[in-house]
Structures are given as C-alpha cells and as structure tokens.
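Enquirer: I would like the atomic coordinates for the input below:
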Amino acid sequence: MPPPRSVRHDAERIWTAALAAVDPRRLVAALPRGVIDPGGGRIAVVGAGKAAAGMAAGVGDLVRVAGVRPERISGMVSVPAGCARTVAGIEIRETRPAAENQPTAAVVAATAEMMLLLSELGPADLAIALVTGGGSALLEAPAEGVELADTIAVAGALSRAGADIAALNTVRRAVSRVKAGGLARACRAGRLVVLVLSDVIGDPLDVIASGPCMPTPADAAAARAVLDRFGIAPATAPRLFAALERSPATSPSVADGPTWTTPYGCHVSHMIVGHNATAVAAARAVAENLGYTIEDTPPRAPVTDSAQDVGRRLAGRGFALSRLARRDGRPRAWIEGGEATVRVPTDHGRGGRNQQTVLAALAAAPPAESAAEVWPPGLVIASIGTDGEDGPTDAAGAVADAGVAAAASADPGAVPRNLTRCDAYPLLARTGGLIRTGPTGTNVADLRIVLACP
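Expert: Below you'll find the model as predicted:
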C-alpha cells in the first residue's frame, strides 16, 4: 500500500504512462503494413495537428520497412512551435506559436501548399493525410469573403462563451474551404488514406480537426444557430456573418461515411490509430500495478460539462474514495477522460480548463474544522491536457493534494475569487499545483486522475 507521501508521485507515474501510450509515432509505426500500400507511384503526406509530426515519423517508419525509395516521398505537415522534428522527405513546419491555439498567416500559407500538392497528384499516386487534435487551428483556408481575422475573432468569442468543440467546429466548417472534406476534395491521387489520432470523446470524424477529409455538409444554417445560441453578435466579424448569409443552408455531400470517392475519383478511407480511451486504459493499468483498486468509470465522460461541474464531481468522488480507503485500508483510483468547457468572464485572469477543473475541486472541499483538515493527506486530484497545453499558459494542467490545499487555504478567499475570474494559474503556481510537461507531441483530450490512500 503506497504511503500518503507517495501518492502525488503515483499520479505522475500514471499520467506519464498515459502520454507514452498515445505516442503518435509508435501508434502509426505499429499499424499493419497493408494499411498503407505504397503501390508504385508517388507518396504525398499532408496533415495538421499537435501530433502530426510524430505521425509523419511513424509513416516514415512504415514506408521505410516497405522498401520505398526516399525520392518517392514528399509532403508537409503543420504543427505548433516546439513540435518540429526531422522526417525524410516530409517538411514539418511550425505554423503557430505554442499555447496560442488560433490559425496564423503561416497556417493559411501551409494549407495552400498542401492543397496544391494534392491537386498535382495522379491516379497512380497515394496520398496520406494525418489528422490530429489541434488541426482546426493548424489547417485553414478561409471561405471567399472571409478573412483570417474573422475566423479568429469568432472562434475566440465562442471559446470564451463556453462553446464545446462540436459547436465550435460547426462554425469553422461553414466558413472554410479546407474543412468539411475540403482537403480531400483537392486531392487527385488514386487513393487518400486518412490516419486519425482523436482528441474528441466518441471519435466523430467530422469534428476532429473539423473533418478535413470527411464529406460532411458545411451547414451555414447550423453555424448561424450556434452563433445565436452563444450570443455572438455580427459586429464580432461582419464579413463572416455576411458569408454565412450568402451560403446555402448546407453544401452538397457526396457520401455520409468515412469511406467515399471525391469528384476527382480519389478513393478516401479513414483509420483511427488512437484516442482518449487509449490513454485512459494505460493509466488504469499503471494504477492497478501500483496497488490501486480501480473504481468503475463510464465508457466516456460527458464532453460538455463545465470545468466547475467536473471539479465538483471529482472532489465529491475523491472525498468519498478517501473515506473508503481509510475505512478498509485499500487505495482507490478513479480515472477518466474528457474535455471540459469554460465560460470566461470579461475581467478574466490566466488559466486553462484543466487548471479551472482542479481549482473547482479545491473549492468543493468539505468545510474543515482546522487548517490541518482541509484535505485528506492521501488524496490527489489531477487534470491534465495530453497535448501539454492548457489554455494560453505554459502548464499542461494541475494537481491538488494536501500541500496545495493547505497553501491555498492560507488566504480563505483566494480559491473562490480566482475560480470566479478564471484566474487559476497564479494561485496554482504559488501553491505548487501546476503540471508542466511542455508540448508532448500528442493530443487525445484530457486525462483526470483521482487517487485516494488511507
């Protein structure tokens, strides 16, 4: 049975193993050789996302084992700063700053080059698209009449209003030439194999990176409904709103599934190589090896829960497990995945959804009779973004334990005050509650860990 002083270390071992399990290079390189049949033509690799560089390296491993000559391979993928690596024949281009999850002019330029490359292929060639979490901001071609500043303004407004990824991408798809199947429609190769590392619970292919290779209708009416629901005014981006008004209710779709043929005759197929459940399963396995009894968790956590709701739920779960552990001497663990939302006030501070979740858990701690009883010594609650980025900060997430709780309680009003202002970062930095991994090169949404020892 782990002593209380080791519980935070156990949590770190658990989330480290979860990140290793979703290493994109290993996931792609482990695919059966027949998944990517190189044939005899050219091989072009394109893609975007926080895990795209690692996936490109995995593709390089696959084609090298297949004996493909290096001169047959070309391509480019778009990644955040800090994620570049060297892959033979494939340019890994850093197109946006770290911790700023919005498209840039460099993203638009890289997208144009990818679409041109795909358009120059022929029926004997193979195209491989790498689609990963974060791809919506790393692959962009604004629709006619829409400028990059418009898409940035609306995406930011929706995020601050608490929109989840499905709502956000409904709007993104409607005002982009590369999303909702636009990347695939540019391809004139005989085949396009789309490898997906999913950051969305449930793995909806039309939502992950806004579905650049899915024949999903770009629904202007649905986009307008999302903007209305979250109170986004036309003044936020007049050109974007005007473009939606000019657009038909939906764009034509040639298919309704992940396997389809484009108007140019390119056969498109999708394969998910990893997802949130991969990380959760690895985390649970390590926790069991460390001696924790794993409490039953739902197959998927609610995606649209607010960070405050998630934090309160995790705190309730954690304190209940702590009581059980003290009663029978058996360490307990609760491990789940998800992606919470945050509604950001106008006068907000710094933080991210995982930091806000942990701060909410601290706020939900039952009243204590003394400072020494603020938090059980054997209880740890952590929430971490698997991409290593949590909001516009240098933290991946946060962790609460007895030390963090005691330090935070030194100022009785700090936790509720910072929670209300979405200002978790400075408080957690002062109390030792931040988790910093740097960019991990992967992305399968968030991991939440509750450990309770006697």
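
Enquirer: got a list of what residue 74 touches?
Expert: 42-45, 89-90, 117 (CB atoms under 8 Å, 6 or more residues apart in numbering). To be clear about C-beta, it is placed using only N, CA and C from the backbone, and glycine gets the same treatment.

Enquirer: what about 6 Å?
Expert: Applying CB atoms under 6 Å, 6 or more residues apart in numbering to residue 74 gives the contacts 44, 89.

Enquirer: quick one: which helix or strand includes residue 359?
Expert: Per DSSP states H and E: residue 359 is located in helix 353-363.

Enquirer: what's the neighbour count on the closest residue to residue 151 other than its chain neighbours?
Expert: Sequence neighbours aside, residue 142 is the residue nearest to residue 151 in space, at 5.9 Å (criterion: CB to CB, 6 or more residues apart in numbering). By the measure other CB atoms under 10 Å, the count of residues near residue 142 is 21.

Enquirer: in the lowest-mean-pLDDT helix or strand in the chain, what counts as buried?
Expert: Here the helix or strand of the chain ranked lowest by mean pLDDT, DSSP states H and E is helix 165-174, holding a mean of 90. Neighbour-count burial for helix 165-174 flags 165, 167-174 (criterion: 16 or more other CB atoms under 10 Å).

Enquirer: ok, of those residues, which one's closest to residue 76?
Expert: Set against residue 76, the nearest of the buried residues of helix 165-174 by CB to CB is residue 172 (21.2 Å).

Enquirer: Touching, the closest one and residue 210? I think so.
Expert: Yes. Residue 172 is within contact range of residue 210, at 4.7 Å (criterion: CB atoms under 6 Å).

Enquirer: now the angle from the helix or strand just after the helix holding residue 359 to helix 353-363?
Expert: Using DSSP H and E, the helix or strand that follows helix 353-363 in sequence is strand 379-385. Counting by axes from the mean of the first three to the mean of the last three CA atoms, to 10 degrees, strand 379-385 lies at 160 degrees to helix 353-363.

Enquirer: Run me through the strand neighbours of strand 379-385, direction for each.
Expert: Using DSSP bridges, the strands paired with strand 379-385 in its sheet are strand 397-400 (antiparallel), strand 446-452 (antiparallel).

Enquirer: Just put those in JSON lines and tack on distance to residue 322 and mean pLDDT.
Expert: Supplementary listing: those in JSON lines, determined by distance: least, CB to CB, whole Å; pLDDT from 0 to 100:
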{"stretch": "strand 397-400", "distance to residue 322": "12", "mean pLDDT": "98"}
{"stretch": "strand 446-452", "distance to residue 322": "4", "mean pLDDT": "97"}
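
Enquirer: would you list these in CSV and tack on distance to residue 180?
Expert: As requested, the strands paired with strand 379-385 are exported to CSV (distance: least, CB to CB, whole Å):
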stretch, distance to residue 180
strand 397-400, 31
strand 446-452, 25
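
Enquirer: on that earlier part again, which one of the buried residues of helix 165-174 is nearest residue 103?
Expert: residue 172 (9.6 Å).

Enquirer: quick one: that closest one from residue 321, how far?
Expert: 39 Å (CB to CB, to the nearest Å).

Enquirer: Return every residue with contacts to both of residue 172 and residue 210.
Expert: Taking CB under 6 Å, 6+ apart as the criterion, residue 172 and residue 210 both touch 136, 179.

Enquirer: Would you quantify the distance from residue 410 to residue 430?
Expert: Computed as CB to CB, the residue 410 to residue 430 distance reads 9 Å.

Enquirer: One more: residue 15?
Expert: In terms of CB to CB, residue 15 sits 22 Å off from residue 430.

Enquirer: what's the span of stretch 266-283 from first residue to last?
Expert: 39 Å (CA to CA, to the nearest Å).

Enquirer: What of stretch 96-116?
Expert: This stretch, stretch 96-116, spans 21 Å end to end (CA to CA).

Enquirer: For it, buried residues please.
Expert: Per 16+ other CB under 10 Å, stretch 96-116 contains these buried residues: 96, 98-99, 101-104, 107-108, 110-111, 114-115.

Enquirer: So what touches that stretch?
Expert: 46, 78, 80-82, 93, 95, 137-141, 148, 152, 178, 186, 389, 392.

Enquirer: Just the buried ones from these, in PyMOL syntax?
Expert: Of the contacts of stretch 96-116, the buried ones go into a single PyMOL selection, burial set by 16+ other CB under 10 Å:
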select buried, resi 46+78+80+82+93+95+137+138+139+140+141+148+152+178+186+389
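
Enquirer: Who has more neighbours out of residue 15 and residue 430?
Expert: residue 15 (26 against 15).

Enquirer: What segments of the stretch 51-200 of the chain are strands?
Expert: With DSSP state E, counting those that start in this stretch as the criterion, the stretch 51-200 of the chain has strands at 73-80, 90-96, 126-132, 191-197.

Enquirer: Present these as CSV; the columns should include mean pLDDT and distance to residue 351.
Expert: Output for the strands of the stretch 51-200 of the chain, formatted as CSV (pLDDT from 0 to 100; distance: least, CB to CB, whole Å):
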stretch, mean pLDDT, distance to residue 351
strand 73-80, 96, 19
strand 90-96, 96, 20
strand 126-132, 97, 24
strand 191-197, 97, 26
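
Enquirer: Of those, flag the one that's most buried.
Expert: strand 126-132 (a mean of 29; mean count of other CB atoms under 10 Å).

Enquirer: That strand versus strand 73-80: what angle between them?
Expert: 10 degrees.

Enquirer: Determine the set of other helices and strands touching strand 126-132.
Expert: Helices and strands touching strand 126-132, by 3 or more CB pairs under 6 Å, 6 or more residues apart in numbering; DSSP states H and E, are strand 43-48, helix 52-65, strand 191-197.

Enquirer: thinking residue 236 is in contact with residue 155, fair?
Expert: No. Counting by CB under 6 Å, residue 155 is not a contact partner of residue 236; they are 10.3 Å apart.

Enquirer: Can you list the helices and strands that the top helix by length along the chain packs against?
Expert: The helix spanning the most residues in the chain, taking DSSP state H as the definition, is helix 307-328. Packed against helix 307-328 by the contact rule (3+ CB pairs under 6 Å, 6+ apart) you find strand 332-338, helix 353-363, strand 379-385, strand 446-452.
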